[in-house]
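In: give the three-dimensional model of this entry:
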Amino acid sequence: MGQSMMQRLVIALFCTLISISATVGNAAGDTTVGANSSFAVTAPPACVNNLGETVTFENRPAARNQLAAGMARRDSQGVPVIYRFGYENAPPALQQFIDLHECAHHQTGDIDRPHPPRNSPAHMMNESIADCIAILRIRDGDTDGKTVMDAAVLALTADMATVGFAATTIESRVSNIKNCFEKPMNASAFLSEILEYRGLK
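Out: The predicted structure follows:
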């Protein structure tokens, strides 16, 4: 299967892609999600980038094929922003994971650094780090973080397969998320290590 426009966007702009064309679970129990499903759009989390700037969130209409996705960038005025596409199509756990993943790209300075070539080791490392920070924030801030993680991973696995990612890529990402959940440090400590390593602290 060739890369779709949405898949290229995911790779090039550090997006977490969440489609909702499968049966997934959320923190409240199993929910059948389909093209006609609609969820309340959750309030975004607090997000401050590595420069101390507050990141804003903007809700946008659903992308084609009823996909929910996030995009971290600076807007035309230079304001750090996360665009939230079609969040009404994603259960709360997925919305939370997308928001925190995209926030992590701002927190680690990815948005202001040169974008590495797509599918390169540097690109994959950026994505793995953003996933790790996101899942640590879920673990640290939710009394039932494992349930939220399991719901997000279940949906992410199905949705990446639907988009056309290879099974090995999906398995590697899920393994990273689950391993990060067990890290013996909190999200702030992990982020601090990343910023220090990159010379941004």
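In: in this protein, where is pLDDT below threshold?
Out: Where the chain drops to pLDDT under 70, the residues are 1-37, 63-67.
In: for the helix of greatest length in it, which outside residues touch it?
Out: Looking only at the chain and at elements set by DSSP state H, the helix with the highest residue count is helix 121-141. Applying C-beta atoms under 8 Å, 6 or more residues apart in numbering, the external contacts of helix 121-141 come out as 11, 14, 16, 45, 96-97, 100-105, 107-108, 110, 115-117, 145-146, 148-149, 152, 173, 176-177, 180-181, 183, 185-187, 190-191, 194. Bear in mind the C-beta positions are built from the backbone N, C-alpha and C, glycine included.
In: also stretch 72-87?
Out: Residues outside stretch 72-87 that contact it (C-beta under 8 Å, 6+ apart): 13-14, 39, 41-42, 44, 47, 49, 53-63, 66-71, 95, 98-99, 102-103, 105-106, 110-112.
In: so the longest strand seen in the chain versus helix 121-141, what angle?
Out: Ranked by residue count, the top strand of the chain under DSSP state E comes out as strand 67-74. With axes from the mean of the first three to the mean of the last three C-alpha atoms, to 10 degrees applied, the angle from strand 67-74 to helix 121-141 works out at 110 degrees.
In: begin at 50, not 1, for the rest of this chat.
Out: Understood, numbering begins at 50; the last thing we discussed is strand 116-123.
In: next secondary structure after strand 116-123?
Out: On the C-terminal side of strand 116-123, the closest following helix or strand by DSSP states H and E is strand 129-134.
In: now do the strands in the protein.
Out: 65-68, 72-75, 78-81, 105-109, 116-123, 129-134.
In: wait, what's in contact with the residue nearest to K250 when sequence neighbours are not counted?
Out: Ranked by C-beta to C-beta, 6 or more residues apart in numbering and with sequence neighbours excluded, the top spatial neighbour of K250 is L244, at 3.9 Å. Residues near L244 by C-beta under 8 Å, 6+ apart: N99, T157, G158, K250.
In: can you list the buried residues in the longest strand of the chain?
Out: Within strand 116-123, the residues scored as buried using 16 or more other C-beta atoms under 10 Å are L116, A117, A118, G119, M120, A121.
In: for stretch 238-249, same thing?
Out: Result for stretch 238-249 [16+ other C-beta under 10 Å]: buried residues F239, L240, I243.
In: got it, and stretch 135-152?
Out: Taking 16+ other C-beta under 10 Å as the criterion, stretch 135-152 shows 135-152 as buried.
In: ok, back up a step: could I get the buried residues of strand 116-123 as TSV with distance to I187?
Out: Output for these, formatted as TSV (distance: C-beta to C-beta, whole Å):
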residue	distance to I187
L116	21
A117	17
A118	18
G119	15
M120	20
A121	17
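In: so I226 sits against V202, correct?
Out: Yes - between I226 and V202 there is a contact at 6.0 Å, judged by C-beta atoms under 8 Å.
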